[in-house]
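[1] Output the structure for:
(2 chains)
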Amino acid sequence: MLELAIGIILGGCALGAGCAMIAGIGPGVGEGNAVAKACEAIGRQPECKGDVTTTMLMGCAIAETTGLYALVIAILLIFVAPGRFVDILMNAIGK
Amino acid sequence: MSIIFLILSVLSFAAAIAIKVMFVPASQGIDIAGAHIFFTIKMPVQDLPITESQVNSWLIIFGILFLCLFLTSGLKTRDISVRQLVAEWIVETVTNLVKTNMGEFFEGFAPFVAAILGLSAFSSLSSLLGLFPPTSDINIVGGWALLVFILITYYKMKAGPLIYLRSFGQPVPLLAPLNIISEFATPVSMAFRHYGNVLSGSIISVLVAVGLSELSKMLFRFLPGVLADFPYLRIGIPAVLSVYFDLFSGCLQAFIFAMLTMSYVSGGFPAEEYAARKKKREQRKAAREAVLASNRHKGS
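    Numbers count the residues shown, from 1 in each chain, chains lettered A, B, ... in the order given. Below is the predicted model:
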């Protein structure tokens, strides 16, 4: 019975980590848009390539934030959460 | 004389490698673990663990310190050496960067921005030496973000605490809770951005290395004896990833951290209110001096 419970905990943590990384879609689309617009801008005005590239990298870094939140949650779910949850289970059943 | 500083600078990086080789236990195969804890200091509230990331961070600080001393030792006004040229180039580049991004008022910020840029870049690049990069530990990056948060709040309060408190009620007082949350989200997102990028790079590198060694074990199973166990595919291929994750991403994140520091500090500073307050204070001072002068005149 205990093995089943721990198995459910581990499986739930892995599934949760996978689901959290769905958030990777958003930054991907957003950064793609940003880079596409930057390419257009450089095509229109090749002389301001440096400024456009710097601004684009800054914008990409900020757009990446939501994806990184999801990444941190996924890392916590994989490396930290299973141990904590198993400890909580053991305390609850008094072992 | 100056060569001593260069040797000391290299020595501090060598010391980090030596500490890692001597005190960190070798891992069985490849595993993903946090920083190794050397020892813990007993503290009243919570024990303070001294970890690999703290030690590496301090050694990198000493390395940068001695490198700066090496670059700036023996400055001359004519017949300048290459060393002095590099030092002048660094100072001029950072000063220009700060001037264009923050304006004339914040010109004194150049050393701070250069320090954050250099420390962050060297910390991320230290993974090329096989060290544990301190930037992949949230405690280190969180400390830097906390420092930046204190700076932002200090410069927002520069025009008086009342104006700072009133800024939370903008544009409508109903949004005050959201403004407070976004105030605290700034350092959190800065810390998570830097730490997440470096840590995800190292995790992906480890996963690719494990995958390649398993794949080469499967492909070269027909070879006899020890030859079959050798991970052939791990030669060279992970280095391609390292170019992106260690070199490019590390330097880019350092640059972004410094840029965000500059834009947050200068963006939060209420320049108009500060100018008005300064002007009012000067007027009051002038009036007080006029009164004092007239009193003195009456007395004599």
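[2] Now the residue in the stretch 101-250 of chain B that chain A sits nearest to. Nearest residue, chain neighbours left out?
    Closest approach between the stretch 101-250 of chain B and chain A, counting by C-beta to the nearest C-beta: B:Gly196, at 3.7 Å. Placement of C-beta: from N, CA and C, glycine included. Using C-beta to C-beta, 6 or more residues apart in numbering or on different chains and skipping residues adjacent in sequence, the residue nearest B:Gly196 is A:Leu68, 3.7 Å away.
[3] Pull out the buried residues from the strand or helix carrying the one you found.
    In this assignment (DSSP states H and E), A:Leu68 forms part of helix A:65-79. For helix A:65-79, a neighbour-count test (16 or more other C-beta atoms under 10 Å in any protein chain shown) marks A:65, A:67-75, A:77-78 as buried.
[4] Out of these, which comes closest to chain B?
    Lowest distance from chain B to the buried residues of helix A:65-79 (C-beta to the nearest C-beta) belongs to A:Leu68, with 3.7 Å.
[5] what's near enough to touch that closest one?
    Contact analysis of A:Leu68 by C-beta atoms under 8 Å, 6 or more residues apart in numbering or on different chains lists B:192-193, B:196-197, B:200.
[6] Just give the number of residues close to B:Leu233.
    Each residue near B:Leu233 was counted by other C-beta atoms under 10 Å in any protein chain shown, and the total is 18.
[7] show me the contacts for it.
    Listed by C-beta under 8 Å, 6+ apart, the contact partners of B:Leu233 are B:212-213, B:215-216, B:219.
[8] Put the buried members of those residues into a ChimeraX selection.
    To isolate the buried members of these in ChimeraX, using 16+ other C-beta under 10 Å:
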select /B:212,213,216
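[9] so can I have TSV of the contacts of B:Leu233 showing secondary structure, pLDDT and distance to B:Ser120?
    As requested, the contacts of B:Leu233 are arranged in TSV below (DSSP: H, G, I helix; E, B strand; the rest coil; pLDDT from 0 to 100; distance: C-beta to C-beta, whole Å):
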residue	secondary structure	pLDDT	distance to B:Ser120
B:Leu212	helix	86	30
B:Ser213	helix	83	31
B:Leu215	helix	86	35
B:Ser216	helix	84	35
B:Leu219	helix	83	40
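[10] Centre of the chain to the helix holding A:Leu68, how far?
    Here the centre of helix A:65-79 is set off from its chain's centre by 5 Å, with C-alpha atoms, centre = their mean, to the nearest Å.
[11] quick one on the thing from earlier: and the residue of the stretch 101-250 of chain B closest to chain A, what helix or strand is that in?
    Here B:Gly196, judged by DSSP H and E, is contained in helix B:176-219.
[12] which other helices and strands contact that helix?
    When contacts are defined as 3 or more C-beta pairs under 8 Å, 6 or more residues apart in numbering or on different chains; DSSP states H and E, helix B:176-219 packs onto helix A:65-79, helix B:138-156, helix B:237-242, helix B:249-268.
[13] Does B:Leu129 touch B:Ile17 like I think?
    Yes - shown here, B:Leu129 and B:Ile17 form a contact pair, counting by C-beta atoms under 8 Å, at 6.1 Å.
[14] Report the rounded mean pLDDT for the helix holding A:Leu68.
    Helix A:65-79 comes out with an average pLDDT of 89.
[15] count of residues packed around A:Ala36?
    10.
[16] out of the contacts of B:Leu233, who's nearest B:Ser124?
    Using C-beta to C-beta, B:Leu212 is the member of the contacts of B:Leu233 that lies nearest B:Ser124, at 23.3 Å.
[17] what's the spacing between the closest one and B:Phe23?
    Relative to B:Phe23, B:Leu212 is positioned 29 Å away (criterion: C-beta to C-beta, to the nearest Å).
[18] Quick one: name the residues of chain A near chain B.
    By the criterion of C-beta under 8 Å from any C-beta of the partner chain, the positions of chain A lying close to chain B are A:57-58, A:61, A:64-65, A:68-69, A:71-72, A:75, A:79.
[19] List the residues that contact B:Ala114.
    For B:Ala114, the residues meeting the contact criterion (C-beta under 8 Å, 6+ apart) are B:90-91, B:94.
[20] Of those - the most surrounded one?
    B:Val94 (20 neighbours).
[21] what residues are up against that one?
    Listed by C-beta under 8 Å, 6+ apart, the contact partners of B:Val94 are B:110, B:113-114, B:117.
[22] mind checking the SS state of it?
    State at B:Val94, reduced to three classes by DSSP: H, G, I helix; E, B strand; the rest coil: helix.
[23] For B:Phe255, see how far away it is.
    As it turns out, when the distance is counted by C-beta to C-beta, B:Val94 lies 11 Å from B:Phe255.
[24] what do these two both touch?
    In the contact map built from C-beta under 8 Å, 6+ apart, the residues linked to both B:Val94 and B:Phe255 are B:Leu117.
[25] Residue 16: which element?
    No chain specified, so I'll use chain A. Using DSSP H and E, the secondary-structure element containing A:Gly16 is helix A:2-20.
[26] Actually, chain B is the one I wanted.
    Secondary structure from DSSP H and E places B:Ala16 in helix B:2-23.
[27] contacting residues around that helix?
    By C-beta under 8 Å, 6+ apart, the residues outside helix B:2-23 that reach it are B:36, B:38, B:52, B:55-56, B:59-60, B:62-67, B:69-70, B:73-74, B:83, B:126, B:129-132.
[28] Give me the subset of these that lies in strands.
    With DSSP state E as the criterion, strands contain B:Phe38 from among the contacts of helix B:2-23.
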